[in-house]
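need a structure here:
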Amino acid sequence: QVQLIESGGGVVQAGGSLRLSCLASGRTFSTLAMGWFRQAPGKEREFVAAMTYGGGGTNFADPVKGRFSIYRDNAKNTVYLQMNSLKPDDTAVYYCEAGSSLAVVTSGQGDSWGQGTQVTVSS
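All right, here's what the predicted structure looks like:
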């Protein structure tokens with residue numbers, strides 16, 4: 001199993017940007033597909049973005065397409081979620097996920113999750 005630690009959350013005004021980071025340890029990071037989910041108060045956890053182990057394939061949820069990007073630095077064992085043009089609806093706890101394939105992490109079936117980082121977008 002891999003340990004995941006998210007960082008980079010905070011409070012930002014609508015229209016602003018944040019970059020979340022997820023540091024992985026305990027397994028060979030370059031073999032893992034990585035994903036981001038989020039959970040707003042009173043709502044189910046929902047998929048945000050995912051990337052293959054090599055970075056050649058990505059998936060994005062419709063609400064974030066064109067605004068969010070995902071990328072990874074295998075030398076730093078880190079995956080990033082760049083969030084631009086933030087909206088109040090993006091307010092949630094964001095979780096990092098690791099799994100064996102893009103399909104696995106997109107479906108939320110990864111075997112490792114971080115503790116989450118809070119993102120609050122004010123209007």
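
what about the helices in this structure?
In the chain, the helices defined using DSSP state H lie at 102-106.

beta partners of the residue nearest the centre of the chain?
In the chain, the centroid-proximal residue (CA atoms, centre = their mean) is W36; its distance is 2.5 Å. Taking DSSP bridges as the rule, W36 bridges to A49, C96.

ok, now which ones touch it?
Residues near W36 by CB atoms under 8 Å, 6 or more residues apart in numbering: L20, C22, V48, A49, A50, I70, V79, L81, Y94, Y95, C96, E97. For glycine as for every other residue, the C-beta is placed from the backbone atoms N, C-alpha and C.

also V79?
Contact analysis of V79 by CB under 8 Å, 6+ apart lists S21, C22, A24, M34, W36, M51, I70, Y71, R72, D73, C96.

one more: Q3?
Residues counted as contacts of Q3 (CB under 8 Å, 6+ apart) are A24, S25, G26, S112.

so what pairs up with Q13 in the strands?
Note on Q13: beta-bridge partners by DSSP bridges are S122.

so how many other residues sit close to F47?
By the criterion of other CB atoms under 10 Å, F47 has 18 neighbours.

residue contacts, it?
Residues in contact with F47 (CB under 8 Å, 6+ apart) are G35, F37, N59, A61, T106, S107, G108.

I'd say the third one and L102 touch.
Yes - N59 is in contact with L102 according to CB atoms under 8 Å; the separation is 6.3 Å.

just to revisit the earlier point, what is the nearest of the contacts of F47 to T120?
Taking CB to CB as the measure, T120 lies nearest F37 of these, at 17.0 Å.

and the gap between S7 and S112?
16 Å (CB to CB, to the nearest Å).

looking at those two, which has the bigger crowd around it?
For S7 versus S112, neighbours defined as other CB under 10 Å are more numerous around S112 (18 against 14).

my read: that one touches G99, true?
Yes - counting by CB under 8 Å, S112 does reach G99; the two are 7.5 Å apart.

rewinding a little: please identify every residue contacting each of N59 and L102.
Common contact partners of N59 and L102 (CB under 8 Å, 6+ apart): A50.
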